Each structure stands twice: as C-alpha cells, then as structure tokens.
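Q: model the following, please.
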Amino acid sequence: MDEEQILRELRFKAVRSSGAGGQHVNKTSSKVELHFDVKNSAGIKDEVKTRVIKKLQSRLTKENILILGSEESRSQHRNKELVVQRFFKILKIASVKPKLRKKTKPTKASKIKRLKKKKINAERKANRKDPLR
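A: Prediction:
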C-alpha cells in the first residue's frame, strides 16, 4: 500500500456543516468530505482492493467510491487532517488479511463429558413422565 500515491488520489470537498452554531456555520464551509475511488486506485494492490471492497461494501457507493466526512472542528484544515487520519485507519483495518481457520477435532475427554451430560439430561426428562405410561 503506497500511502503517498493514495494521498495524491484523494479528492476533498469543503461543504457547510450541519447543526447549531449561529452565524459562523451559515457562512463558512468547514466540513470536509473525502472521496476515494477504491477500484481505480494505483496505490493499492489488486488483492487488497478486493478485500477492501468486500469489507467496506456498506460504506461504498455503486461506483466503489468511499466517502468520509469530518465536521468535528471549526477549522477546515483540522477537519481535513482528521478525515485523512480516519481514512488511513479504516483502510489499514480493511486491508488486513484474515487468519485462516485451522480445523480441529474435539478431544476424547470433551466427547465423554458431552455424552455424560446428555445422559443425565435424558434421565432427568424421563423422570418427569408419568410412571403408569
């Protein structure tokens, strides 16, 4: 994963923040939206792309574009820094290769324990029945 290449591919858009804030909110565009085209990125290898697309499927648009926004700060520059940090954090988590599951068999002791428990439970239920039947 080439972070410098990915940084060049990021597109930013400044928009007005929502919510309360008085006059300042109505005249400044402090919210920052980050747009990243996962499918056409040259900074990510193909095998990682498929993994990222699969894991972030709910966050992607139909064109496989990831959109993240930040409006935590009143400063546009600070929001840009925050959204880039969050983007790389999400990208690193999504690109991690999952560990393969190792098939295991139950031990002999665990099988015996399960069968004993099953027998006790069956006896308990049998004792509930009417003795005349």
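Q: can you give me the end-to-end span of stretch 100-107?
A: End-to-end distance of stretch 100-107 (C-alpha to C-alpha, to the nearest Å): 21 Å.
Q: what residues of whatever helix or strand Leu82 lives in count as buried?
A: Leu82 is part of helix 76-95 when elements are defined by DSSP states H and E. For helix 76-95, burial by neighbour count (16 or more other C-beta atoms under 10 Å) applies to Gln76, Asn79, Lys80, Leu82, Val83, Val84, Phe87, Ile90, Leu91, Ala94, Ser95. From N, CA and C alone the C-beta is placed, and that goes for glycine too.
Q: where does the prediction get shaky in this protein?
A: 19-22, 24-25, 133 (pLDDT under 70).
Q: Arg11 touches Leu34, doesn't it?
A: Yes: if you go by C-beta atoms under 8 Å, Arg11 and Leu34 touch, sitting 7.5 Å apart.
Q: need the contact list for the nearest residue to Arg11 once chain neighbours are set aside.
A: Nearest in space to Arg11, with sequence neighbours left out and distances taken as C-beta to C-beta, 6 or more residues apart in numbering, is His35 at 4.3 Å. For His35, the contact set (C-beta atoms under 8 Å, 6 or more residues apart in numbering) comprises Leu10, Arg11, Phe12, Lys13, Ile65, Leu66, Ile67.
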